[in-house]
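In: fold the following for me, if possible:
(4 chains)
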There are 2 protein chains.
Amino acid sequence: MTRPPPSDAGMELDGFFPYRLALLADAVSRSMAQIYAERFDLSRDEWRVLAALAGTSPARTAMVIERTTLDKVSVSRALARMESKGLVTRDTDPQDSRGRLIRLLPAGRALFRKIVPMVRSREAFLLEGLEPAERAALDAAIDKLLQRSRQLARQG
Amino acid sequence: MTRPPPSDAGMELDGFFPYRLALLADAVSRSMAQIYAERFDLSRDEWRVLAALAGTSPARTAMVIERTTLDKVSVSRALARMESKGLVTRDTDPQDSRGRLIRLLPAGRALFRKIVPMVRSREAFLLEGLEPAERAALDAAIDKLLQRSRQLARQG
DNA sequence: TATTGTTATACTCTATAACTATA
DNA sequence: TATAGTTATAGAGTATAACAATA
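Out: Modelled structure (predicted):
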């Protein structure tokens, strides 16, 4: 029987899952931001909102919030910037005039169409490095870990 | 044969690997920060520096930088805060008086010993949800993806 | 009273460059 | 001239609360 190492033996960050995950997410995020941010001057939030709208436009702001997992302040600011860039319009929702209907303009859709193949190709490059079984396991693992980490975060 | 979906069909963020990874990393990071930040008032950088020093103290600042993958500015600031909290000392390195030797004080080590089992236990809770094969695949996948994403980020 | 979205505020992080002192 | 580490600065992102308009 081997004993667990004493808790003050030094905690190898390299072997600590949350640390490894943070490094990976940061590197992946940077490699994607090179496309939407550096080449097309979109913030991460603007990019997410654009992707959400490309699927359903017009959309109520609440739907954008739900589909991007951003909060209402971030979405409101991202949309304001996108409106000023001529990517979307924001009209009052006739069904509930507290809300707004966000419409992707042709310039917004065109921008989206330019970006998608580039980020998809980067995504493909990343995942090509994995065996099919590894990739399936990764996918399943992400879902399970997400659930569990949210459970931890909720219970404090 | 099925065709790939047209690139403007809407890009389901939920199925986009970088997005899923970002959500996961954020949730995991928050669940860990609840320990070191909320309960023990350490920033993420301070926590990383503490972990690095617990393994090797005294250490030259350059070594801390290397072991935490933080930049020298972040490390310098984290160490300044840690010194003011009485967790470390920073003496001039007698071998090269441009550099400093960072020494973990008893209070720093005691703090580290309190935190480690708590974050380890959260890490274990997260990973318990995975099959052993899934976990091995996840581990391998993280390494491969990290390499590839850094390659992308480097080439721009 | 509650909800939608906007604005305000303060705070933290990040990136970069400039600087001091040593080598 | 180069390196170790610090300080300065500006910009971006984050969290929270307060607010106006509407339901």
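
In: skipping adjacent residues, who's closest to residue A:91 in space?
Out: Using Cβ to Cβ, 6 or more residues apart in numbering or on different chains and skipping residues adjacent in sequence, the residue nearest residue A:91 is residue A:101, 5.0 Å away. The way it works is simple: take the backbone N, C-alpha and C, and place the C-beta from them, glycine included.

In: is DNA strand D within reach of the host helix or strand of that neighbour?
Out: Residue A:101 belongs to strand A:100-104 when elements are defined using DSSP states H and E. No: counting by Cβ under 7 Å from any atom of the strand, no contacts exist between strand A:100-104 and DNA strand D, the nearest distance being 10.8 Å.

In: what's the angle between the helix or strand following that strand and strand A:100-104?
Out: Once the chain leaves strand A:100-104, the next helix or strand it forms, by DSSP H and E, is helix A:106-128. Comparing the axes of helix A:106-128 and strand A:100-104 via axes from the mean of the first three to the mean of the last three Cα atoms, to 10 degrees yields an angle of 70 degrees.

In: and helix A:106-128, average pLDDT?
Out: Helix A:106-128 carries an average pLDDT of 97.

In: residues of that helix that come out buried?
Out: Of all the residues in helix A:106-128, those buried under the rule 16 or more other Cβ atoms under 10 Å in any protein chain shown are A:108-109, A:111-112, A:115-116, A:119, A:122-123, A:126-127.

In: which helix or which strand is home to the residue nearest the centre of chain A?
Out: For chain A, the residue lying nearest the average C-alpha position, counting by Cα atoms, centre = their mean, turns out to be residue A:48 (6.0 Å). Element membership for residue A:48 (DSSP H and E) is helix A:44-55.

In: for that helix, which outside residues touch it?
Out: Residues from elsewhere that reach helix A:44-55, judged by Cβ atoms under 8 Å, 6 or more residues apart in numbering or on different chains: A:29, A:33, A:36-37, A:42, A:59, A:63-64, A:67-68, A:70, A:74-75, A:77-79, A:81-82, A:87-88, A:102, A:104, A:108-109, A:111-112, A:115-116, B:8-13, B:16, B:19.

In: these in strands, which ones?
Out: Within the contacts of helix A:44-55, residues falling in strands by DSSP state E are A:59, A:88, A:102, A:104.

In: dump these into a markdown table; add neighbour count as well.
Out: Listed next are these as a markdown table, based on neighbours: other Cβ atoms under 10 Å in any protein chain shown:
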| residue | neighbour count |
| --- | --- |
| A:59 | 21 |
| A:88 | 27 |
| A:102 | 26 |
| A:104 | 24 |
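
In: thank you, goodbye.
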